[in-house]
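Colleague: I would like the atomic coordinates for the input below:
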Amino acid sequence: MSTPRFLKLPTGVRRTFVETTRGPFAALEALPGSGVAERCPALLVPGFTGSKEDFISVLETLARAGRRVVAVDMRGQYESKGNPDDPTAYTRTALGEDIAALAEALGPDPVHLVGHSFGGLVTREPLISGRIRPVSYTLMSSGPGGLTGPAAAKAEALRDAIPELGLAQIWAVSIGPDAVARGVPKEILAFLEARTLGNCPQGLVGMAGELLSAPDRVDDLAKAIEDAGVPVLVLYGEDDDVWDPRVQATMAERLDAAKVVIPSAAHSPAVEAPETTASALTDFWNQAERRVF
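Modeller: Numbering: from 1, shown residues only. Next up, the predicted model:
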């Protein structure tokens, strides 16, 4: 579980909702110090058990370059309303439609699109279908397809436990004690509990299923980005323990993408190495805009 190191909103960052044709989505929005965004906006999408707060450490730095930067909760995550009676709302295709609607709402300029972990499996869907054409696309700590190995076992265990135990019990007997054992400060611990209980249980079950069953669509994505002329960055921590770094390196080669390996980071570079991550993203975004404009 990605764990932010602080919760106080940096200068220029506010909590808001982005209104779209598919409903409102909870967001953290960062604007440049001048209040005027001169560059294309950026849309940051979190992973499976994450939220917009996973990006809180990089928002101010990213916006400083002259961009509006928006990190969101996907449907059913934390503060974005879910559809508890509609399991089809949590397929990669449906969630990808939400991302397309968000990108449109942040227009008229195209967005720099970033998908972290499961967010990468979601955000690639509207690119492959041609629903959106971002000015750049970044896969952050994501992979070519569904999880395998120990990471898959954890996702499967959570998926199977939710209907039987409920999120409150899972927090009490598993997630909470684990966070305490890791020495998570009380303020962050309270946030993690609120986020865990704020998730739509059906949404987590559906997302876990998608995370476990997602096929390798790298070839489809490679064709889509080549046809659309979208530059791609594959960015991950050198110690990623969810998708093997070697797998992500191979994915970058298959996509003919730029690659950045973040030192001293694992699965959450925006949390573990925020300055390095923000610098890499800003450099890539600036280069992408020079190519397009």
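
Colleague: what helices or strands is the helix ranked longest in the chain leaning on?
Modeller: Ordering each helix of the chain by length in residues (DSSP state H) puts helix 274-292 first. Under the contact criterion of 3 or more Cβ pairs under 8 Å, 6 or more residues apart in numbering; DSSP states H and E, helix 274-292 touches helix 59-63, strand 112-116, strand 136-140, strand 232-237, strand 258-262, helix 269-272. In short, each C-beta sits where N, CA and C put it, glycine included.

Colleague: got CSV for the ones you listed, with mean pLDDT, distance to residue 125 and mean neighbour count too?
Modeller: Output for the helices and strands packed on helix 274-292, formatted as CSV (pLDDT from 0 to 100; distance: least, Cβ to Cβ, whole Å; neighbours: other Cβ atoms under 10 Å):
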stretch, mean pLDDT, distance to residue 125, mean neighbour count
helix 59-63, 97, 24, 24
strand 112-116, 98, 10, 28
strand 136-140, 98, 12, 29
strand 232-237, 98, 15, 26
strand 258-262, 98, 21, 19
helix 269-272, 98, 22, 26
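
Colleague: right, so of those, which gets closest to residue 41?
Modeller: Nearest to residue 41, of all those, is strand 112-116, at 7.2 Å by Cβ to Cβ.

Colleague: ok so, going back, now the longest helix of the chain and strand 232-237, what's the angle there?
Modeller: 170 degrees (axes from the mean of the first three to the mean of the last three Cα atoms, to 10 degrees).

Colleague: State the mean pLDDT of helix 274-292.
Modeller: Helix 274-292 shows a mean pLDDT of 95.

Colleague: again with stretch 30-45
Modeller: 93.

Colleague: end-to-end on that stretch?
Modeller: Stretch 30-45 stretches 14 Å from its first residue to its last (Cα to Cα, to the nearest Å).

Colleague: Ok, stretch 173-188 next?
Modeller: 18 Å.

Colleague: List of residues touching it?
Modeller: 1, 3-7, 161, 165, 189, 192-193, 196 (Cβ atoms under 8 Å, 6 or more residues apart in numbering).

Colleague: mind listing which of those residues are in helices?
Modeller: Using DSSP H, the contacts of stretch 173-188 in helices are 161, 165, 189, 192-193, 196.

Colleague: picking that back up, okay, angle between the longest helix of the chain and strand 258-262 too, please.
Modeller: 170 degrees.

Colleague: what comes up buried for helix 274-292?
Modeller: By neighbour count with 16 or more other Cβ atoms under 10 Å, helix 274-292 contains the buried residues 274, 276-282, 284-286, 288-289.

Colleague: returning to what we had before: only the buried subset of the ones in helices among the contacts of stretch 173-188, as a PyMOL command please.
Modeller: Remark: buried members of these, expressed as a PyMOL selection using 16+ other Cβ under 10 Å:
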select buried, resi 161+189+192+193+196
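
Colleague: any chance of the ones in helices among the contacts of stretch 173-188 in TSV, plus distance to residue 52 and pLDDT?
Modeller: Formatted as TSV, those follow (distance: Cβ to Cβ, whole Å; pLDDT from 0 to 100):
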residue	distance to residue 52	pLDDT
161	25	97
165	26	97
189	18	97
192	14	97
193	17	98
196	15	97
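
Colleague: just the ones in helices among the contacts of stretch 173-188 now: which is nearest residue 19?
Modeller: Closest to residue 19, out of all of the ones in helices among the contacts of stretch 173-188 and judged by Cβ to Cβ, is residue 196, at 26.4 Å.

Colleague: isn't that closest one right next to residue 167, touching?
Modeller: Yes: under the criterion of Cβ atoms under 8 Å, residue 196 makes contact with residue 167 at 5.8 Å.

Colleague: nearest residue to the residue most central in space within the chain other than its sequence neighbours?
Modeller: Nearest to the mean C-alpha position of the chain, by Cα atoms, centre = their mean, lies residue 46 at 2.2 Å. If the residues on either side of it in the chain are set aside, residue 46 comes closest to residue 54, at 4.8 Å by Cβ to Cβ, 6 or more residues apart in numbering.

Colleague: what secondary structure does the one you found sit in?
Modeller: Of the three states, residue 54 takes helix according to DSSP: H, G, I helix; E, B strand; the rest coil.

Colleague: I'd say it and residue 2 touch.
Modeller: Yes: using Cβ under 8 Å, residue 54 is in contact with residue 2, at 4.5 Å.
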